[in-house]
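Engineer: Got a predicted structure here, sequence first:
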Amino acid sequence: MSAELEILSMEYQTVDQTVCSLLLQTSQAAADRHLSPAQIHQLLQARPTLAAHSCRQQGLGQFGEKIAQASLPHLLEHLIIDRLVTKSNGTLVAGVTRWQNQPQGRAQVRLRLPVSLLPAVENAVRQAAQELNDLLADRLC
Ligand SMILES: [Zn+2]
């Protein structure tokens, strides 16, 4: 089975902070799917800090309240951030996810992070995509 989500490209812009733009492709089947309650449980067991992320998608709140309705690209954004904040010494890492073409599964994730985290981004992105694909390998609901 092919991966549900794939990173198409990564670009960086650095001024005083770094903005990293990722272009993503999900499978068409995955474009309007969400994690099942069992998958959410599994993910939060592995990454308990995920639930406490603040999240502005559809109003300010905690990601734990939004995870059941989160798109796969939005999940990826938070999985990347979760990896980066453990290395950021308290500096904020923020992200925004937007569909570019939801029916085709095309989305963009933009991350704003301190320049010091730049060397860690690529690995964080790869690992987060792998983690999400592994989680989805069972099935989508
Ligand atoms: Zn969010």
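Structural biologist: Right, received. Where do you want to start?

Engineer: can you give me the strands in this structure?
Structural biologist: Ranges of strands in the chain, per DSSP state E, are 5-14, 18-26, 54-55, 61-62, 94-101, 106-113.

Engineer: could you dump those to a markdown table with mean neighbour count, mean pLDDT and distance to residue 119?
Structural biologist: All C-beta atoms are positioned from the backbone trio N, CA, C, and that covers glycine. A markdown table is the format used below for the strands of the chain (neighbours: other Cβ atoms under 10 Å; pLDDT from 0 to 100; distance: least, Cβ to Cβ, whole Å):
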| stretch | mean neighbour count | mean pLDDT | distance to residue 119 |
| --- | --- | --- | --- |
| strand 5-14 | 13 | 90 | 11 |
| strand 18-26 | 20 | 93 | 11 |
| strand 54-55 | 16 | 93 | 25 |
| strand 61-62 | 13 | 94 | 29 |
| strand 94-101 | 16 | 94 | 18 |
| strand 106-113 | 20 | 95 | 11 |
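
Engineer: Spatially nearest residue to the residue in the chain that the ion sits nearest to (excluding sequence neighbours)?
Structural biologist: With Cβ to the ion, the shortest gap between the chain and the ion falls at residue 55, namely 3.2 Å. Spatial nearest neighbour of residue 55, chain neighbours left out: residue 63 (4.3 Å); criterion: Cβ to Cβ, 6 or more residues apart in numbering.
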